[in-house]
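Participant: sequence and predicted model, in that order:
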Amino acid sequence: MAQLGRFEITVQDSAGNAVTGAVVELCKQGAQVFGNQAGPVTVINVDDCGAIVAGDLVYVNALGVTRSVSSVTATTVTVGAPGFTGLIDDDRLVCFTTHPNTYEDALGNTTKANPLTSDANGYASCYTEGGKYDVRIAGGGLTQRVVQDVTVVGEDSRSNIYNSGAAVAFKFDTLRALGAADKILQVSNQGSTEAFSVGGTGNAAIAGTLAVTGASTLTGAVTATAGVTATTGNVQATVGNLIGKRTFLTKGTAVVNGDFVQSAGWGSTAAVSAATGTDSRGFIAITCNGAGIAANPTILFTYHDGTWTTTPFGVIVRTDSNAPTTGWFTISCSTVTASITFVGLPVAATSYSFTWMIEG
């Protein structure tokens, strides 16, 4: 489990003496007021809404009058009437409720009360999720104050970014331009074993399996040394081509003899056998027998895996050498079935076979 970050503070008075018994309240990141707003005002302009959300109670600078937040945008916080008066640029809207969870240990096994209380040395600490917070300090003879935008660093972290449509929650950058052999980011297992990296020109290297849920667009060349697997979706080349050494159509459900229904022209006791493969490619045999044998008999193949989204194309090849050797098979596909015709007059007690390939 990723470890939480450690918050710690030493509370001192103006002379630098440790303050015992001070209240240290860890609050969600508040919002900085933008511009003077005489009020009373309910829609407050802010530089950034911080971690404030609808339903929070907020106050201005020091705990006193609170107002309920009804909505937020990237640059406004709307509170209930009568709002606040006399707001000055850079005043702070501080969250009074919905405090972050605090713990005694880095894994969050034991909770710790928030607010904290400073000890005989003025010290107070806890573990919490990494991110930015406001800290209210009061009591112990101190004038109440709020320390803004305190950063807690942890393996488990959260951004307070507002979803404006172009927001960036976490950003990694470099002062100097990197080359293709350099790395912007490297994720390793036990130091020396690289699991993932991003090169200086944006190339990503993944040591293990990449699992992608949903549609993805890849711009540029994609090299897969161990293969690309689409579990439920498709692998598509919208403009370019799919180029490979061989194509294996093996992921469909196996066909069965019952997927093929012969017409009366094969004879009253004709039978399909040895069906193998999938909707996309396979093999069957049919033995002509009984009364009613006629020229140009057919076989109707109903796709085992259901309807194709578009009408596929089929190719069929006869694989036996029985009489009449001049006969051949044709195939005509719809989205639901493939109609297969033997062009010729089959001979009683004779087996005919073919392979097919169908692609959408």
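Facilitator: Done, it's in. Residues are numbered from 1 along each chain as shown.

Participant: from I184, how far off is T111?
Facilitator: Distance, T111 to I184, using CB to CB, to the nearest Å: 38 Å. Just so you know, the C-beta spots here come from the backbone N, C-alpha and C atoms, and that holds for glycine as well.

Participant: more neighbours, those two?
Facilitator: I184 (16 against 12; other CB atoms under 10 Å).

Participant: give me the contacts around whichever helix or strand V135 is part of.
Facilitator: Secondary structure from DSSP states H and E places V135 in strand 131-139. In this structure, residues lying in contact with strand 131-139 by CB atoms under 8 Å, 6 or more residues apart in numbering are 5, 7, 9, 11, 21-30, 50-51, 63, 92, 94-95, 100, 115, 144-152, 157-160.

Participant: give me that answer again for 6 Å
Facilitator: Under the criterion CB atoms under 6 Å, 6 or more residues apart in numbering, residues 22-27, 29-30, 94, 144-151, 157-158 lie in contact with strand 131-139.

Participant: burial count for D91?
Facilitator: Neighbour tally, D91, other CB under 10 Å: 20.

Participant: picking up where we left off before, which of the contacts of strand 131-139 fall within strands?
Facilitator: Judged by DSSP state E, strands contain the following of the contacts of strand 131-139: 23-27, 94, 144-151.

Participant: I'd like those as a markdown table, with pLDDT and neighbour count appended.
Facilitator: Formatted as a markdown table, these follow (pLDDT from 0 to 100; neighbours: other CB atoms under 10 Å):
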| residue | pLDDT | neighbour count |
| --- | --- | --- |
| V23 | 97 | 18 |
| V24 | 97 | 26 |
| E25 | 97 | 19 |
| L26 | 97 | 23 |
| C27 | 97 | 26 |
| V94 | 97 | 27 |
| Q144 | 94 | 13 |
| R145 | 94 | 12 |
| V146 | 96 | 20 |
| V147 | 97 | 13 |
| Q148 | 97 | 18 |
| D149 | 96 | 13 |
| V150 | 97 | 16 |
| T151 | 97 | 12 |
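
Participant: of the residues you listed, closest to W266?
Facilitator: Using CB to CB, the shortest approach to W266 within the ones in strands among the contacts of strand 131-139 belongs to T151, at 79.7 Å.

Participant: distance of that closest one relative to F7?
Facilitator: 9 Å.

Participant: do G80 as well
Facilitator: Applying CB to CB to G80 and F7 gives a distance of 31 Å.

Participant: those two - which one has more neighbours?
Facilitator: With neighbours defined as other CB under 10 Å, G80 and F7 compare such that F7 has more, 23 against 12.

Participant: so which helix or strand takes in that one?
Facilitator: F7 belongs to strand 5-10, assigned by DSSP H and E.

Participant: distance check, the residue nearest to S125 when sequence neighbours are not counted against A22.
Facilitator: Among residues not flanking S125 along the chain, E8 sits closest, at 3.8 Å (CB to CB, 6 or more residues apart in numbering). Look at E8 and A22: by CB to CB, they are 14 Å apart.

Participant: ok, the two, which is more surrounded?
Facilitator: Just comparing E8 and A22: by other CB under 10 Å the higher neighbour count belongs to A22, 23 against 12.

Participant: got the contact list for the more buried one?
Facilitator: Contact analysis of A22 by CB under 6 Å, 6+ apart lists V11, S118, G139, G140.

Participant: tell me which of those residues is nearest to G165?
Facilitator: V11 (41.3 Å).

Participant: gap between that closest one and G202?
Facilitator: Counting by CB to CB - V11 and G202 are separated by 47 Å.

Participant: so between the two, which is more surrounded?
Facilitator: More crowded of V11 and G202, by other CB under 10 Å: V11, with 26 against 10.

Participant: strand partners (parallel or antiparallel) of the host helix or strand of T78?
Facilitator: T78 is part of strand 76-79, with elements assigned from DSSP H and E. When pairing is defined by DSSP bridges, strand 76-79 lines up against strand 43-45 (antiparallel), strand 67-72 (antiparallel).
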